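**Student:** Just to be clear, the model below is a prediction. Sequence and coordinates:
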Amino acid sequence: MESHLTDIARVIQLAVAPVFLLTAIATLINALNTRLGRIVDRRRVVQERQQTQTPGAVVTAGEEIGMLIRRSRLVYHSIFCAVLSALLVCLVVAGAFLGALLGVDLARTVATLFIAAMLAMIAGLSLFLREVYLAVRTGTHNQP
């Protein structure tokens, strides 16, 4: 009994780092969600203005809408990757506890899940960086 309690205490200590990682991922998801909301709001404004503009301005508005759609897809995929990363981190923590409780060596499985979580996070952050680049390049990130 004492050895199981010691194993569980050790697993709890090891699970602290992934829990902090989950907090960081949640913060990133919140920021991405906010950006997505702003992009959607901007697209609605441009679409409403498009109906009352001259033909030349309609073409420009159409280009902006195209860019906003591209940016929203990037943010959406970034959110997907971040959520996938969070789910994989949760599986890492669960795997560590299951391994300790059942006395099974899940070290390779836990390591593989953690590597997959980091790859998903790298993909999400890369997509986020690309969206920020497009926003800055086009100048549509801070318009009302």
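**Tutor:** Received, thanks.

**Student:** Every contact and neighbour count from this point should use C-alpha atoms.
**Tutor:** Noted.

**Student:** OK, contacts around the residue most central in space within the chain?
**Tutor:** When the chain is reduced to its mean C-alpha position, the nearest residue by C-alpha atoms, centre = their mean turns out to be A82, at 2.7 Å. The contact partners of A82, taken as C-alpha atoms under 8 Å, 6 or more residues apart in numbering, are 25, 28-29, 120-121, 124.

**Student:** Relative to D41, how far out is G66?
**Tutor:** 14 Å (C-alpha to C-alpha, to the nearest Å).

**Student:** which helices and strands sit right next to the helix or strand harbouring R38?
**Tutor:** Per DSSP states H and E: R38 is located in helix 2-50. The helices and strands touching helix 2-50, judged by 3 or more C-alpha pairs under 8 Å, 6 or more residues apart in numbering; DSSP states H and E, are helix 55-102.

**Student:** Could you check the angle the helix it packs on makes with helix 2-50?
**Tutor:** Following axes from the mean of the first three to the mean of the last three C-alpha atoms, to 10 degrees, one obtains 170 degrees for the angle between helix 55-102 and helix 2-50.

**Student:** related to what we said a few turns ago, what's the distance between the residue nearest to the centre of the chain and L129?
**Tutor:** As judged by C-alpha to C-alpha, A82 and L129 stand 13 Å apart.

**Student:** I8 now?
**Tutor:** Going from I8 to L129 by C-alpha to C-alpha gives 39 Å.

**Student:** try M121
**Tutor:** As defined by C-alpha to C-alpha, M121 lies at a distance of 12 Å from L129.

**Student:** So for these two, which residue has more residues nearby?
**Tutor:** The neighbour comparison of M121 against L129 (other C-alpha atoms under 10 Å) goes to M121, with 22 against 15.
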